[in-house]
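> can't give you the sequence, but here's the structure:
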């Protein structure tokens, strides 16, 4: 029996709803079976993208960055890299994927994405099993001596405590190399190119039961 995993990622609005929804369905061997990426109708373009009013202009989550990110999203819509989908359409896709593949749901910081999807009425509750990819990665990769050496060697440390970073970007760099490009912080691309490789890395040595337990 083939096992499938659905990785979900979201980018949000100031109202704590989902502006950009992305999902990648993969096998435990890392094969991509389906992808879904869309701006959410009634949220993107209607509500400002999330931003921190106290952040300097150069910071990722600054007000200036939010304006740039919104402009980039409109460019993606123009080129066909994104479409606009209603919540009902997203939910229909999720139901079909669940019916067809019965995947395990995951996300990098699952509680965050569950909450934002709930606020948007995107129903991730259709999946019978789920785990937090970030929790599993912290336990299985973040505790490795090699990982600590890698982060210290390349300066991938938290700003305050100066301990190894456990972001998806840093974890993916441990897998692919320190020169991996920064995460674009667009939902589909983050899920496919950063989070899916982390999951594939973990599944090389873990059973479905083990990763469900590790990501509790």
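All right, it came through fine. From a predicted model like this one, the values you see are computed outputs, not experimental measurements. Numbers count the residues shown, from 1 in each chain.

> all contacts plus neighbour counts: C-alpha atoms, from now on.
Fine.

> buried residues in stretch 73-93?
Using 16 or more other C-alpha atoms under 10 Å as the burial criterion, the residues of stretch 73-93 that qualify are 73-74, 82-85, 87, 90-91.

> any idea where the helices of the protein begin and end?
If you assign secondary structure with DSSP state H, the helices in the chain sit at 63-79, 87-101, 110-120, 133-140, 145-154, 168-176, 187-190, 196-203, 208-214.

> can you redo those helices as TSV with mean pLDDT and distance to residue 48?
Formatted as TSV, the entries for the helices of the chain read as follows, by pLDDT from 0 to 100; distance: least, C-alpha to C-alpha, whole Å:
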stretch	mean pLDDT	distance to residue 48
helix 63-79	96	8
helix 87-101	98	18
helix 110-120	98	15
helix 133-140	98	27
helix 145-154	98	34
helix 168-176	98	25
helix 187-190	98	16
helix 196-203	98	28
helix 208-214	98	35
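
> so which of these gets nearest residue 20?
Comparing the helices of the chain by their distance to residue 20 (C-alpha to C-alpha), the top pick is helix 187-190, with 6.0 Å.

> What helices and strands are in contact with that closest one?
With contacts defined as 3 or more C-alpha pairs under 8 Å, 6 or more residues apart in numbering; DSSP states H and E, the secondary structure elements packing on helix 187-190 are strand 4-12, strand 18-27, strand 32-40.

> what angle do the second one and helix 110-120 make?
Here strand 18-27 points in a direction 130 degrees away from that of helix 110-120 (axes from the mean of the first three to the mean of the last three C-alpha atoms, to 10 degrees).

> buried sites along strand 18-27?
Neighbour counts using 16+ other C-alpha under 10 Å place 18-27 of strand 18-27 among the buried residues.

> next one: stretch 195-208
When burial is assessed from 16+ other C-alpha under 10 Å, stretch 195-208 yields the following buried residues: 195-203.

> Show me the contact partners of it.
By C-alpha atoms under 8 Å, 6 or more residues apart in numbering, the surrounding residues in contact with stretch 195-208 are 7, 24, 26, 28-30, 107-108, 133, 137, 140, 168, 171-172, 175, 211.

> First-to-last residue distance for it?
Looking at stretch 195-208, the gap from its leading to its trailing residue is 17 Å under the measure C-alpha to C-alpha, to the nearest Å.

> same question, stretch 100-110
Across its full length, stretch 100-110 reaches 22 Å end to end, with C-alpha to C-alpha as the criterion.

> Likewise for stretch 203-216?
Separation of the first and last residues of stretch 203-216 by C-alpha to C-alpha is 16 Å.
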